Structure formats: structure tokens, C-alpha cells
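J.: Fold the following.
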Amino acid sequence: MKGIKYKLSIRIFNDNKIFGPGAAELLEGIRKEQSLRRAALNMEMSYNKAWNIVNNIEKNIGFKIVERQTGGIGGGGAVLTKEGEVLLEKYRAFTADVESYAQKAFEKYFGGD
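T.: Below is the predicted model:
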């Protein structure tokens, strides 16, 4: 079965969706840019939607993941909290482990390329 592929997308839930690949990308953007607005722009996402994602995660996970710094003379910004950093790192490590297993299983059942 040459040329076939699989795509894996990992999301974390309680009763609601908490975290997934888009949220992880947003947090990585905040880490890099130190700004929610710039992270959202880089993802071609509205600022409001980005805040909704962050607020939804915080509400469902029970702790702050982003420290907000309101604007002023020097402007505002946002940085990940220690808990936000840990959440992002755990999610990335978990997805890497699952993807490694999935690749082996795919090769076992479909032969791989």
C-alpha cells in the first residue's frame, strides 16, 4: 500500500475540549512573541478568539497559563506562567510518544513507505 499516510491529532478533554494542537501553537507563539496579539496574528487568528482559547483552557484546567500585562507607555504583553510552560511541555512530550507509537503501528499494519 504505497503512498498512504495517516494523520494524528491529539486533544485533551474533561467534559469539554481543553487543549489541542492549535492551543499548543498559540502558547508557543506567546512564548516566542511575548504577546498574545502577535501570536494570534502569526496564526491568522483574531485577538478575541485567541483570548477565548486561553480563557477556556484556564477555566477547564483550573490554573492560569498566561500572565497578562496590560498596555501602557511600554505597551502590554503576555507570557506563559510556569504552569503554562509545564502544560505545553507535557503536551508536546505526550504527543511525541503517541506519534512514535502510532508510526510503529502504522508500519506494522500498513507497511509504511
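
J.: what sits against the closest residue to L41 other than its chain neighbours?
T.: Nearest residue to L41, sequence neighbours excluded (Cβ to Cβ, 6 or more residues apart in numbering): Y47, at 8.0 Å. Yep, even glycine has a C-beta here, placed from its N, CA and C like the rest. Residues in contact with Y47 (Cβ atoms under 8 Å, 6 or more residues apart in numbering) are 36-37, 40-41.

J.: separation between Y47 and I61?
T.: 21 Å (Cβ to Cβ, to the nearest Å).

J.: Now the residue nearest the centre of the chain: which helix or strand?
T.: In the chain, the C-alpha nearest the mean C-alpha coordinate belongs to A24, at 0.9 Å (Cα atoms, centre = their mean). Assigned by DSSP states H and E, A24 falls within helix 21-33.

J.: Output that helix as CSV, nothing but the C-alphas.
T.: Extracted in CSV, the C-alpha atoms of helix 21-33 (Å, rounded to 0.1, in the frame of the first residue of the first chain):
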residue,chain,number,x,y,z
PRO,A,21,-2.6,21.3,18.6
GLY,A,22,-4.0,24.8,17.9
ALA,A,23,-3.8,25.8,21.6
ALA,A,24,-0.2,24.4,21.8
GLU,A,25,0.7,26.5,18.7
LEU,A,26,-0.9,29.6,20.3
LEU,A,27,1.1,29.1,23.6
GLU,A,28,4.3,28.6,21.6
GLY,A,29,3.6,31.8,19.8
ILE,A,30,3.0,33.6,23.1
ARG,A,31,6.3,32.2,24.4
LYS,A,32,8.1,33.4,21.3
GLU,A,33,6.5,36.8,20.8
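
J.: Show me what the helix or strand containing K104 is packed against.
T.: Assigned by DSSP H and E, K104 belongs to helix 82-110. Packing contacts for helix 82-110, counted by 3 or more Cβ pairs under 8 Å, 6 or more residues apart in numbering; DSSP states H and E, involve helix 21-33.
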